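Peer 1: take this sequence and fold it.
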Amino acid sequence: MIRSMQSAIAGLKSHQTKMDVIGNNIANVNTWGYKSKSANFADAMYQNYITGAAGNEAAGFNGGINTSQIGYGANVSSITSNMETGTQSYTGRAFDCMINGPAFFIVGPYTQNVDPTNLDGNGLSLSRVGIFAMDNNGYLVDDQGNYVYGYTTGSGDGQGNITVNTNGNLEPIRLNVAIGDDAAGTPTPITYNSVKIGTDGVITVIDEDSVAHVVGQIAMATVENVNGLEQDSGFLYEISENAGAINVGPQNDATGRVLSSHLEMSNVDLATEMSYMITTQRGYQANTRMITVSDQMLEELVNMKR
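Peer 2: As a prediction, this is how the structure comes out:
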(Lines give C-alpha, C1' and ligand atoms only; values in the text may rest on other atoms or scores of the structure.)
Protein backbone atom coordinates (compact mmCIF):
# COMPACT_ATOMS: atom_id res chain seq x y z
CA MET A 1 0.00 0.00 0.00
CA ILE A 2 1.40 3.42 -0.98
CA ARG A 3 2.53 5.82 1.73
CA SER A 4 -0.06 8.48 0.93
CA MET A 5 -2.86 6.08 1.88
CA GLN A 6 -1.18 5.26 5.19
CA SER A 7 -0.75 8.97 5.92
CA ALA A 8 -4.39 9.61 5.07
CA ILE A 9 -5.56 6.83 7.40
CA ALA A 10 -3.49 8.35 10.22
CA GLY A 11 -5.03 11.74 9.42
CA LEU A 12 -8.55 10.28 9.51
CA LYS A 13 -7.98 8.78 12.95
CA SER A 14 -6.51 12.02 14.28
CA HIS A 15 -9.33 14.18 12.93
CA GLN A 16 -11.90 11.75 14.31
CA THR A 17 -10.33 12.04 17.76
CA LYS A 18 -10.35 15.83 17.48
CA MET A 19 -14.01 15.74 16.46
CA ASP A 20 -14.72 13.57 19.52
CA VAL A 21 -13.11 16.22 21.73
CA ILE A 22 -15.09 19.01 20.04
CA GLY A 23 -18.31 17.01 20.40
CA ASN A 24 -17.66 16.54 24.13
CA ASN A 25 -17.04 20.28 24.53
CA ILE A 26 -20.29 21.17 22.78
CA ALA A 27 -22.22 18.55 24.75
CA ASN A 28 -20.98 20.17 27.99
CA VAL A 29 -21.55 23.78 26.97
CA ASN A 30 -24.09 24.10 29.84
CA THR A 31 -22.35 21.82 32.35
CA TRP A 32 -21.41 23.58 35.60
CA GLY A 33 -17.67 23.99 36.01
CA TYR A 34 -16.78 22.17 32.78
CA LYS A 35 -13.37 23.00 31.31
CA SER A 36 -13.03 22.94 27.53
CA LYS A 37 -10.44 20.63 26.00
CA SER A 38 -8.27 20.80 22.90
CA ALA A 39 -6.82 17.97 20.82
CA ASN A 40 -3.29 18.79 19.68
CA PHE A 41 -1.79 17.28 16.52
CA ALA A 42 1.83 16.34 15.88
CA ASP A 43 3.31 14.97 12.68
CA ALA A 44 3.87 11.23 12.82
CA MET A 45 7.03 9.20 12.26
CA TYR A 46 9.40 9.85 9.36
CA GLN A 47 11.32 7.57 7.05
CA ASN A 48 14.64 8.72 5.61
CA TYR A 49 14.39 8.86 1.82
CA ILE A 50 17.92 10.17 1.60
CA THR A 51 20.20 10.02 4.63
CA GLY A 52 22.17 13.18 5.18
CA ALA A 53 25.93 13.30 5.46
CA ALA A 54 28.55 15.86 6.34
CA GLY A 55 30.86 17.27 3.67
CA ASN A 56 34.56 16.61 3.52
CA GLU A 57 37.03 19.26 2.38
CA ALA A 58 39.68 16.70 1.37
CA ALA A 59 40.47 16.34 -2.31
CA GLY A 60 38.20 13.93 -4.16
CA PHE A 61 35.40 13.98 -1.55
CA ASN A 62 31.87 15.41 -1.83
CA GLY A 63 30.16 18.21 0.02
CA GLY A 64 27.42 17.72 2.61
CA ILE A 65 23.88 16.73 1.75
CA ASN A 66 20.69 17.23 3.73
CA THR A 67 18.43 14.43 4.89
CA SER A 68 15.27 13.92 2.86
CA GLN A 69 12.39 12.43 4.83
CA ILE A 70 8.89 11.19 4.06
CA GLY A 71 6.26 11.50 6.79
CA TYR A 72 3.41 9.18 7.69
CA GLY A 73 0.60 11.55 8.59
CA ALA A 74 -0.46 13.08 11.90
CA ASN A 75 -1.19 11.78 15.39
CA VAL A 76 -2.92 13.31 18.43
CA SER A 77 0.01 14.25 20.65
CA SER A 78 -2.03 15.43 23.64
CA ILE A 79 -5.43 16.58 24.87
CA THR A 80 -5.18 19.63 27.13
CA SER A 81 -7.75 21.40 29.29
CA ASN A 82 -8.39 25.14 29.50
CA MET A 83 -8.64 25.71 33.25
CA GLU A 84 -9.66 29.37 33.01
CA THR A 85 -12.47 30.29 35.40
CA GLY A 86 -15.90 30.23 33.77
CA THR A 87 -18.56 32.93 33.95
CA GLN A 88 -20.49 33.46 37.18
CA SER A 89 -24.14 32.38 37.20
CA TYR A 90 -26.42 33.60 39.99
CA THR A 91 -28.64 30.83 41.40
CA GLY A 92 -30.17 32.42 44.49
CA ARG A 93 -29.35 29.38 46.67
CA ALA A 94 -27.17 30.29 49.64
CA PHE A 95 -25.56 26.84 49.61
CA ASP A 96 -24.37 27.15 45.99
CA CYS A 97 -20.74 28.24 45.81
CA MET A 98 -18.10 28.91 43.20
CA ILE A 99 -14.47 29.90 43.48
CA ASN A 100 -13.59 33.01 41.50
CA GLY A 101 -10.02 31.89 41.07
CA PRO A 102 -7.87 28.81 40.35
CA ALA A 103 -8.51 26.82 43.55
CA PHE A 104 -10.62 23.70 44.10
CA PHE A 105 -13.05 22.48 46.74
CA ILE A 106 -12.02 19.31 48.58
CA VAL A 107 -14.69 16.59 48.71
CA GLY A 108 -14.91 12.87 49.33
CA PRO A 109 -16.10 10.10 51.64
CA TYR A 110 -16.35 10.62 55.40
CA THR A 111 -12.97 10.68 57.13
CA GLN A 112 -11.92 12.50 60.29
CA ASN A 113 -8.64 14.34 60.86
CA VAL A 114 -7.43 14.28 57.27
CA ASP A 115 -3.81 15.24 56.77
CA PRO A 116 -3.92 18.10 54.21
CA THR A 117 -0.69 16.80 52.66
CA ASN A 118 -2.25 13.39 51.93
CA LEU A 119 -5.57 14.06 50.20
CA ASP A 120 -5.18 11.28 47.66
CA GLY A 121 -4.26 8.75 50.33
CA ASN A 122 -7.55 9.49 52.11
CA GLY A 123 -9.64 9.04 48.98
CA LEU A 124 -10.47 12.73 48.60
CA SER A 125 -11.02 14.48 45.28
CA LEU A 126 -11.00 18.05 44.00
CA SER A 127 -14.00 19.82 42.53
CA ARG A 128 -14.87 23.14 40.90
CA VAL A 129 -18.63 22.69 41.32
CA GLY A 130 -20.16 23.87 44.59
CA ILE A 131 -23.72 22.51 44.40
CA PHE A 132 -23.89 22.06 48.17
CA ALA A 133 -26.64 21.16 50.61
CA MET A 134 -27.09 19.94 54.20
CA ASP A 135 -27.74 16.23 54.62
CA ASN A 136 -29.84 14.49 57.27
CA ASN A 137 -26.95 14.47 59.74
CA GLY A 138 -26.23 18.16 59.30
CA TYR A 139 -23.11 17.79 57.15
CA LEU A 140 -22.33 19.94 54.13
CA VAL A 141 -22.34 17.68 51.05
CA ASP A 142 -22.32 18.13 47.28
CA ASP A 143 -25.02 16.82 44.96
CA GLN A 144 -23.11 13.53 44.53
CA GLY A 145 -23.17 12.85 48.28
CA ASN A 146 -19.52 13.74 48.86
CA TYR A 147 -18.68 15.45 52.13
CA VAL A 148 -17.20 18.94 51.84
CA TYR A 149 -13.99 19.36 53.83
CA GLY A 150 -12.75 22.35 55.75
CA TYR A 151 -11.77 23.65 59.15
CA THR A 152 -13.76 23.64 62.37
CA THR A 153 -14.00 26.57 64.74
CA GLY A 154 -11.68 26.97 67.69
CA SER A 155 -12.65 27.82 71.25
CA GLY A 156 -14.65 30.98 71.80
CA ASP A 157 -14.25 33.53 74.55
CA GLY A 158 -17.80 33.16 75.83
CA GLN A 159 -18.81 36.51 74.33
CA GLY A 160 -19.49 35.41 70.78
CA ASN A 161 -15.96 35.99 69.47
CA ILE A 162 -15.04 32.80 67.64
CA THR A 163 -12.05 32.04 65.43
CA VAL A 164 -11.54 29.26 62.90
CA ASN A 165 -8.64 26.91 63.51
CA THR A 166 -6.97 26.71 60.07
CA ASN A 167 -3.77 25.10 61.34
CA GLY A 168 -5.18 21.63 62.02
CA ASN A 169 -6.33 18.72 59.91
CA LEU A 170 -9.34 18.79 57.63
CA GLU A 171 -12.77 17.68 58.78
CA PRO A 172 -16.15 17.18 57.11
CA ILE A 173 -18.02 20.43 57.76
CA ARG A 174 -21.05 20.03 60.04
CA LEU A 175 -23.65 22.77 60.09
CA ASN A 176 -25.87 21.83 63.03
CA VAL A 177 -23.14 21.80 65.66
CA ALA A 178 -21.05 24.81 66.75
CA ILE A 179 -17.79 23.77 68.44
CA GLY A 180 -16.62 27.12 69.75
CA ASP A 181 -19.61 28.89 71.25
CA ASP A 182 -18.24 29.04 74.79
CA ALA A 183 -14.83 29.46 76.33
CA ALA A 184 -14.56 25.72 76.97
CA GLY A 185 -15.24 24.89 73.34
CA THR A 186 -18.20 22.67 74.22
CA PRO A 187 -20.10 21.41 71.15
CA THR A 188 -23.45 23.17 70.96
CA PRO A 189 -26.37 21.78 68.94
CA ILE A 190 -27.95 24.30 66.55
CA THR A 191 -31.51 24.41 65.32
CA TYR A 192 -30.79 25.37 61.74
CA ASN A 193 -32.71 28.25 60.16
CA SER A 194 -30.45 29.68 57.43
CA VAL A 195 -26.82 29.84 56.35
CA LYS A 196 -24.36 32.46 55.13
CA ILE A 197 -21.12 31.65 53.34
CA GLY A 198 -18.63 34.49 53.17
CA THR A 199 -16.14 35.26 50.41
CA ASP A 200 -13.46 33.78 52.69
CA GLY A 201 -15.37 30.49 52.91
CA VAL A 202 -16.41 31.01 56.53
CA ILE A 203 -19.81 29.41 57.16
CA THR A 204 -22.22 31.09 59.56
CA VAL A 205 -25.44 29.34 60.56
CA ILE A 206 -28.39 31.37 61.85
CA ASP A 207 -30.51 29.45 64.34
CA GLU A 208 -34.24 29.76 65.00
CA ASP A 209 -33.58 32.54 67.53
CA SER A 210 -31.67 34.55 64.89
CA VAL A 211 -28.37 33.90 66.68
CA ALA A 212 -25.35 33.54 64.38
CA HIS A 213 -22.94 30.62 64.86
CA VAL A 214 -19.65 30.29 62.99
CA VAL A 215 -19.40 26.54 62.30
CA GLY A 216 -16.33 26.30 60.08
CA GLN A 217 -14.51 27.39 56.96
CA ILE A 218 -14.33 25.72 53.57
CA ALA A 219 -10.82 24.54 52.69
CA MET A 220 -9.34 25.17 49.25
CA ALA A 221 -6.61 23.46 47.28
CA THR A 222 -4.36 24.99 44.65
CA VAL A 223 -2.56 22.68 42.23
CA GLU A 224 0.89 23.31 40.81
CA ASN A 225 0.10 21.58 37.49
CA VAL A 226 -3.67 21.63 36.96
CA ASN A 227 -3.39 19.77 33.65
CA GLY A 228 -1.76 16.95 35.60
CA LEU A 229 -5.08 16.19 37.32
CA GLU A 230 -7.13 13.26 36.03
CA GLN A 231 -10.79 14.10 35.50
CA ASP A 232 -13.42 11.65 36.68
CA SER A 233 -17.11 11.55 35.88
CA GLY A 234 -19.35 13.88 37.85
CA PHE A 235 -16.99 16.92 37.78
CA LEU A 236 -14.40 15.41 40.13
CA TYR A 237 -10.62 15.59 39.66
CA GLU A 238 -8.25 12.93 40.95
CA ILE A 239 -4.71 13.78 41.99
CA SER A 240 -2.13 12.13 39.74
CA GLU A 241 1.63 11.86 40.12
CA ASN A 242 2.21 14.68 37.63
CA ALA A 243 -0.07 17.17 39.39
CA GLY A 244 2.83 18.52 41.41
CA ALA A 245 2.44 20.19 44.78
CA ILE A 246 -1.08 20.47 46.25
CA ASN A 247 -1.36 23.42 48.64
CA VAL A 248 -4.31 23.25 51.04
CA GLY A 249 -5.48 26.07 53.23
CA PRO A 250 -8.15 28.72 53.84
CA GLN A 251 -9.11 31.33 51.27
CA ASN A 252 -6.39 33.80 50.27
CA ASP A 253 -5.38 35.95 47.31
CA ALA A 254 -3.90 32.95 45.49
CA THR A 255 -7.03 30.80 45.76
CA GLY A 256 -9.63 33.37 44.75
CA ARG A 257 -12.81 34.33 46.57
CA VAL A 258 -15.80 32.14 47.36
CA LEU A 259 -19.02 33.46 45.80
CA SER A 260 -22.14 32.23 47.55
CA SER A 261 -25.38 31.87 45.55
CA HIS A 262 -23.33 31.47 42.37
CA LEU A 263 -22.14 28.55 40.26
CA GLU A 264 -19.38 28.49 37.68
CA MET A 265 -20.54 28.08 34.10
CA SER A 266 -18.70 26.08 31.46
CA ASN A 267 -15.84 27.96 29.80
CA VAL A 268 -16.64 26.47 26.39
CA ASP A 269 -16.70 29.14 23.66
CA LEU A 270 -19.38 27.82 21.34
CA ALA A 271 -18.31 30.04 18.41
CA THR A 272 -14.75 28.73 18.65
CA GLU A 273 -15.91 25.13 18.85
CA MET A 274 -18.11 25.56 15.77
CA SER A 275 -15.21 26.98 13.77
CA TYR A 276 -12.98 24.10 14.93
CA MET A 277 -15.70 21.68 13.88
CA ILE A 278 -15.73 23.13 10.35
CA THR A 279 -11.95 22.99 9.93
CA THR A 280 -11.84 19.48 11.39
CA GLN A 281 -14.57 18.34 9.02
CA ARG A 282 -12.66 19.77 6.05
CA GLY A 283 -9.45 18.11 7.22
CA TYR A 284 -11.26 14.79 7.52
CA GLN A 285 -12.79 15.30 4.08
CA ALA A 286 -9.39 16.05 2.53
CA ASN A 287 -7.94 12.86 4.02
CA THR A 288 -10.79 10.78 2.61
CA ARG A 289 -10.13 12.36 -0.78
CA MET A 290 -6.48 11.37 -0.48
CA ILE A 291 -7.52 7.75 0.08
CA THR A 292 -9.76 7.94 -2.99
CA VAL A 293 -6.97 9.33 -5.18
CA SER A 294 -4.49 6.76 -3.83
CA ASP A 295 -6.98 4.02 -4.63
CA GLN A 296 -7.32 5.35 -8.18
CA MET A 297 -3.55 5.28 -8.58
CA LEU A 298 -3.46 1.66 -7.41
CA GLU A 299 -6.26 0.85 -9.81
CA GLU A 300 -4.27 2.34 -12.69
CA LEU A 301 -1.28 0.26 -11.67
CA VAL A 302 -3.32 -2.96 -11.59
CA ASN A 303 -4.89 -2.18 -14.96
CA MET A 304 -1.57 -1.50 -16.73
CA LYS A 305 -1.49 -5.03 -18.25
CA ARG A 306 -4.55 -5.54 -20.42
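Peer 1: quick one: buried residues of stretch 212-223?
Peer 2: Within stretch 212-223, the residues that count as buried by 16 or more other Cβ atoms under 10 Å are 213, 214, 215, 216, 217, 218, 219, 220, 221, 222, 223. C-beta: built from backbone N, CA, C; applies to glycine.
Peer 1: I meant to write stretch 86-101 there.
Peer 2: Buried residues in stretch 86-101 (16+ other Cβ under 10 Å): 86, 91, 95, 96, 97, 98, 99, 101.
Peer 1: quick check: the gap between the nearest residue to the last one once chain neighbours are set aside and residue 22.
Peer 2: Okay, so that is residue 101. Once flanking residues are discounted, residue 101 sits nearest to residue 256: 1.3 Å by Cβ to Cβ, 6 or more residues apart in numbering. Between residue 256 and residue 22 the computed distance is 29 Å (Cβ to Cβ, to the nearest Å).
Peer 1: who has more neighbours out of these two?
Peer 2: The residue with more neighbours, out of residue 256 and residue 22, is residue 22; 24 against 18, by other Cβ atoms under 10 Å.
Peer 1: would you confirm that the more buried one belongs to a helix?
Peer 2: Yes: Residue 22: assigned to a helix according to DSSP: H, G, I helix; E, B strand; the rest coil.
Peer 1: which residues touch it?
Peer 2: Residue 22 sits next to 39, 273, 276, 277, 280 when contact means Cβ atoms under 8 Å, 6 or more residues apart in numbering.
Peer 1: between the residues you listed, which sits nearest residue 168?
Peer 2: residue 39 (43.3 Å; Cβ to Cβ).
Peer 1: my read is that the closest one contacts residue 24, right?
Peer 2: No: when contacts are counted by Cβ atoms under 8 Å, residue 39 is not listed as touching residue 24 (10.1 Å).
Peer 1: the more surrounded of those two?
Peer 2: For residue 39 versus residue 24, the count of surrounding residues by other Cβ under 10 Å is larger for residue 39: 20 against 15.
Peer 1: look up which helix or strand the more buried one falls in, please.
Peer 2: Following DSSP states H and E, one finds residue 39 within strand 37-43.
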